[in-house]
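Visitor: Predicted coordinates and the sequence they were generated for:
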Amino acid sequence: MGDLTQTQTQFEEAIRRGERDLATRRRAQAARYDRASGSVVIDLVSGAVFAFPAKLAQGLKTDSAEQLDQVEIAGAGFALHWEALDADFTVEGLLAGRFGSARYMAERFGAGWDSEAAE
C-alpha cells in the first residue's frame, strides 16, 4: 500500500509542476516563417511576439522557403520543430539567444560567445 501512496503523491506533484509550467514558462501560441523578412516569427501565449532571422539558427540555413514554412509547435508550445529539416529548438532557448548547440554558437558567433549568459 505504501508504494501506491508514494506513486499517487508523485503523480500529483508532477501534475502541479506541469500546471505551473503551463502558467509561467514562455510558450508559443503560433509560429510561422515570414518570407518577406526571412524571419521565424513566434507569437507567445503572453501576447508578445519574437522574431529572428532563420539563417541564424542551426539547421535552418536553406534556400527552401517551403521547408521553413513547415514549422510546427511541439510540446504544448515549449518547442518548435521542422520535420523536413530535422531541426528542433526550445522557445526559451531561442528567446535567450541560443540558435543551436554550444559548438555551433561558438563557431558562428566566435569563441567569446558565452553559453552561461544565454541560460
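Guide: Sure thing, it's come through. Residues are numbered from 1 along each chain as shown.
Visitor: Which secondary structure state is assigned to residue 76?
Guide: Taking DSSP: H, G, I helix; E, B strand; the rest coil as the rule, one finds residue 76 in the helix state.
Visitor: And it, how far from residue 66?
Guide: As for residue 76, its distance to residue 66 is 26 Å (criterion: C-beta to C-beta, to the nearest Å). Every C-beta, even on glycine, is put in place using the N, C-alpha and C of the backbone.
Visitor: Show me what the residue nearest in space to the middle of the chain is bridged to.
Guide: Geometric centre of the chain, nearest residue: residue 90, 2.0 Å, by C-alpha atoms, centre = their mean. When assigned by DSSP bridges, residue 90 has beta-bridge partners residue 79.
Visitor: now do residue 34
Guide: residue 39.
Visitor: quick revisit: please look at the residue nearest to the centre of the chain and residue 77 and confirm they touch.
Guide: No: if you go by C-beta atoms under 8 Å, residue 90 and residue 77 don't touch, sitting 10.5 Å apart.
Visitor: In this structure, what residue spans correspond to helices?
Guide: If DSSP state H is used as the criterion, the helices of the chain fall at 2-24, 65-69, 91-95, 102-109.
Visitor: what's the least confident stretch among these?
Guide: When mean pLDDT is averaged over each of these, helix 2-24 scores lowest at a mean of 72.
Visitor: Can you verify my assumption that residue 99 contacts residue 52?
Guide: Yes: with the criterion set as C-beta under 8 Å, residue 99 and residue 52 qualify as a contacting pair; they are 7.1 Å apart.
Visitor: So between those two, which is more surrounded?
Guide: Set side by side, residue 99 and residue 52 show unequal neighbour counts under other C-beta atoms under 10 Å, the larger going to residue 99 at 22 against 18.
Visitor: burial of the closest residue to that one other than its chain neighbours, as a residue count?
Guide: Of all residues beyond its chain neighbours, the one nearest residue 99 is residue 57 (4.3 Å), with distances taken as C-beta to C-beta, 6 or more residues apart in numbering. Residue 57: 22 surrounding residues under other C-beta under 10 Å.
Visitor: Who are the contact partners of residue 57?
Guide: 40, 87, 89, 94, 99, 100 (C-beta atoms under 8 Å, 6 or more residues apart in numbering).
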